[in-house]
Every structure is written in structure tokens, then in C-alpha cells.
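>>> Let me see the structure of the following:
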Amino acid sequence: MSMLHAKCCETLRDAYESPSLGDWWLEDVAVDFFNKQPIGQELIAAGTSIEPLRDRSAQVYTWILMLLSGRFFKCHFVPPPLLNMLFTNLNAGMMRFHSALTVKNTEFPSPFTEIVTNLSTLMGFLIPIVIHPLLDFMVWKFLLCMVGMYGYMVTAAVAKMLQDPFGEDEFDHSVDQYQIDFDLCMMDVCDKMSYHTPFPSVRRMGHKVPRYNKPDGEPIDIFLREQADVIRWNTAAPKAPELRVGVTRGALRAIQRKRQEKDSFSSDDSCIPFENELKPRRRAQLLEEQEKRLAERKKRKDDLEKLAMQRRMVRAVMKIEALAILHFHFKYGRDDFGTEGRVASLERKRLAALANQVEESEESAPGTYRRFGAKKGELDHIPGRSRTSVARHRADREK
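Have a look, this model is predicted:
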């Protein structure tokens with residue numbers, strides 16, 4: 001129990017070694033089992049013999065459960081009510097330990113912390129200045145209100161961002177990472193944990209080993225008898241598989257990425273102890289690079305669309321200008337296109353005089369305008385009237 005408490009303390013405070021009674025009274029095999037696997041080793045070679053045990057408290061907890069379960073193999077004769085209380089207390093203690101571990105490994109949101117710290121510092125600088133002498137000054141009022149409103153708005157924005165803690169953002173918890181951690185813990189249970197309970201060391205315990213005598217005076221070594229019971233229980237205990245359990249595909253892909261990129265993993269927000277090897281530090285960087293590429297691609301597409309639209313507009317304007325030129329050439333003639341005064345009052349008077357002469361020579365039909373035939377070359381001197389047919393104006397209708 002002392003060793004279990006020490007290993008839990010090591011996990012919670014990230015200590016390399018915590019002293020316990022197990023270091024003094026247990027045999028050297030139990031101590032060497034942990035010393036050969038340093039807790040501070042971060043870069044591990046998965047699949048080799050130097051891979052450390054991820055959860056030491058679980059190993060000691062397994063040893064205690066093996067000792068308590070020896071009751072079913074007649075290794076000890078502790079009454080069932082006491083065993084029930086022991087199991088209950090152990091279960092409650094491990095649940096509290098994992099709750100504390102969750103609090104330790106779940107960091108407070110970084111953006112919320114930075115915003116609250118900066119705004120609190122700014123408010124602490126502004127409020128003492130504006131309390132008494134400058135309270136009526138409009139600029140200080142504006143700054144104080146702006147900082148307060150900005151703080152509330154940004155806090156609301158951060159809270160909205162943290163509503164879904166299991167997303168794909170930089171500050172979210174990765175569900176895939178939890179699955180990889182769970183698989184690695186299951187692998188440790190199968191092929192790395194020891195199910196052979198260590199013995200107490202007579203050399204270390206010394207005179208603390210109780211000894212009794214038989215009725216005939218022969219001494220009884222209680223330690224040897226208890227050791228024989230433990231050996232019988234270790235013989236009946238399940239054996240670890242000879243072959244290493246294969247990793248899952250997700251864990252294998254993560255391990256391959258780790259080997260390819262040595263500096264791409266971090267242990268900032270682990271969900272279980274010793275989780276240092278499969279947390280990708282470059283997740284946020286890769287997402288940012290992907291967003292940049294998408295933004296550049298979208299910008300390039302928008303530029304091409306704008307250029308195509310400008311070219312279409314230029315072609316449309318050129319087409320309209322060409323049609324206008326053709327229209328004016330057809331209506332006014334090529335020689336008179338662009339000359340001034342083609343619809344001026346003088347030209348109208350000349351056209352009216354010509355119409356009166358034609359009216360005197362021919363019978364006029366009722367109506368304001370009438371069509372009359374013109375001889376070839378007769379109206380060529382009138383700008384804008386170069387066709388063989390022209391509309392004349394009857395002056396008698398205006399009276």
C-alpha cells in the first residue's frame with residue numbers, strides 16, 4: 001500500500017522517485033523492476049525491450065489485487081468481509097487518483113487564461129487612475145468602458161469556441177489520441193505488467209520477521225511459510241504471453257510518424273501518465289498550412305474570375321462601340337459621321353424649304369408627314385439625308 005501511494009504521488013507531481021516502505025522491505029527484484037524503466041524517458045522505441053511501463057501505479061495495484069485474490073487459492077485466510085472492504089477502499093482510492101490525474105492533465109484553456117490575465121492587468125492599471133481626479137474626463141470614461149466591454153465580448157467568444165471540447169481546433173481534445181492511449185494501456189496490461197507478486201526481503205527486514213516455536217521447541221519461520229504461499233500463488237497466476245501483442249493500426253501509424261519526424265511530438269496535454277510519444281505537436285501547424293494553401297487557391301481563383309469578367313466587359317464594350325459606329329455610318333453617312341451641327345436649326349430650315357418646294361409641285365396627301373420621291377443627287381448636299389426617300393414637314397399643319 002505504501003508503494004502504491006508513492007507511485008501515485010510520483011505520477012501526480014512528475015517526480016522521478018518517491019520513497020516508500022516497499023523500497024526497504026521488498027526484494028531487490030521489485031525495486032529493479034521500476035529502476036530499469038526510468039519515468040523521465042520521453043523518447044521510447046516502441047516494440048523493443050527498453051520501452052518503459054506507462055503506468056506504475058497500475059502495476060502496484062495489480063500486485064495488491066493478486067495478493068488479495070490469493071484467498072480463492074487458499075494462499076491466505078483473510079475473512080471475506082475484510083476482503084470486501086479492502087476491494088472497496090482500493091477501488092475508491094484508484095477512482096479518486098484518476099480523477100486527480102484528469103484534473104492535472106486537463107489544462108485550463110490557454111486563450112481564456114491569456115485574455116483574462118491581460119484584461120485584468122489593464123483594468124488594474126486604469127481603475128486607480130480614473131477613480132477620483134479624472135472621473136469626469138471623457139477619454140478615461142471611453143477607455144474604461146471599452147476595456148470592460150471588450151473583456152466581456154472576448155470572454156463570450158472564447159466560451160463559444162470551447163463549447164465543443166472534442167473538435168479539431170488547436171485547443172480541443174483529440175478523441176483519436178484517447179483511443180491510441182487506451183490501446184497502449186491495454187498493450188501494457190497484456191505484455192508488460194508483471195503478475196508475480198514480489199517477496200519481502202529478509203535481509204532488509206532483519207529482526208522484524210516474526211518467529212515462533214513448535215510445542216517440541218523447534219522454531220517456525222513464519223516468513224518462509226508465507227513465502228511458500230506466495231510462490232504457490234505465483235505459480236497459479238496467469239502467465240504473460242511469450243510473443244508481444246501487436247499494436248493497432250492507429251497506434252502503428254502514429255509510431256511510424258514519430259520515427260519519421262523525431263521532433264513532432266509533445267506531452268503538453270496528455271490524458272494518461274507517461275503519454276509523451278504519440279501527441280503530435282505539428283497538428284496545429286499542419287492545419288494552419290492547409291488553411292493557407294486553401295486561402296491562396298481561393299484568392300487565385302477569384303483573381304482569375306475577376307480577370308475573365310474584365311475581359312468579357314471589354315469585349316462587350318468594344319462590341320457596343322462597333323455597333324454604334326455601324327449604326328451612325330448607316331444613318332448619317334461615312335463622310336458626315338462625327339461632324340458638328342448635323343441636326344442644328346440651320347439644317348432643319350434647309351430641309352423645310354426643300355419640303356415646301358416639293359409640296360408646291362406635287363399634290364400633298366392629308367397628314368403631318370408624307371413621303372416623297374427624290375431624284376438622285378438632289379438631296380446629297382443635305383447632311384444626314386443621303387437616301388432616296390426623305391420625310392418632309394408640312395408647315396400648314398403647324399398653323
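
>>> Break the chain into its domains for me.
Following automatic domain parsing, the chain resolves into domains at 2-106+196-242, 110-161, 284-332, 345-397.

>>> Quick check: next helix or strand after the host helix or strand of residue 140?
Per DSSP states H and E: residue 140 is located in helix 138-161. As assigned by DSSP H and E, the chain's next helix or strand after helix 138-161 is helix 175-191.

>>> Can you name every helix or strand that that next one contacts?
With contacts taken as 3 or more CB pairs under 8 Å, 6 or more residues apart in numbering; DSSP states H and E, helix 175-191 sits against helix 56-69, helix 249-260. Bear in mind the C-beta positions are built from the backbone N, C-alpha and C, glycine included.

>>> What residues of it count as buried?
Neighbour counts using 16 or more other CB atoms under 10 Å place 177, 180, 181, 183, 184, 185, 187, 188, 189 of helix 175-191 among the buried residues.

>>> tilt between it and helix 56-69?
With axes from the mean of the first three to the mean of the last three CA atoms, to 10 degrees defining the directions, helix 175-191 sits at 40 degrees from helix 56-69.

>>> Give me the mean pLDDT for helix 175-191.
If you average the pLDDT over helix 175-191, you get 77.

>>> Going by mean pLDDT, which of the domains of the chain comes out lowest?
domain 345-397 (a mean of 48).

>>> Can I take it that residue 302 is in a helix?
Yes. Assessed with DSSP: H, G, I helix; E, B strand; the rest coil, residue 302 lies in a helix.

>>> neighbours of it, just the number please.
10 (other CB atoms under 10 Å).

>>> ok, so what distance separates it from residue 123?
Counting by CB to CB, to the nearest Å, the separation of residue 302 from residue 123 is 42 Å.

>>> How about residue 92?
Applying CB to CB to residue 92 and residue 123 gives a distance of 44 Å.

>>> out of these two, which sits in the more crowded spot?
residue 123 (14 against 10).

>>> Test my guess that that one contacts residue 150.
No. Between residue 123 and residue 150 there is no contact under CB atoms under 8 Å: 10.6 Å.

>>> Torsion angles phi and psi at the closest residue to residue 58 other than its chain neighbours?
Closest residue to residue 58 apart from its sequence neighbours, by CB to CB, 6 or more residues apart in numbering: residue 193 at 7.2 Å. With angles defined as degrees, to the nearest 10, residue 193 sits at phi -80, psi 150.

>>> Distance of residue 193 relative to residue 185?
Counting by CB to CB - residue 193 and residue 185 are separated by 10 Å.
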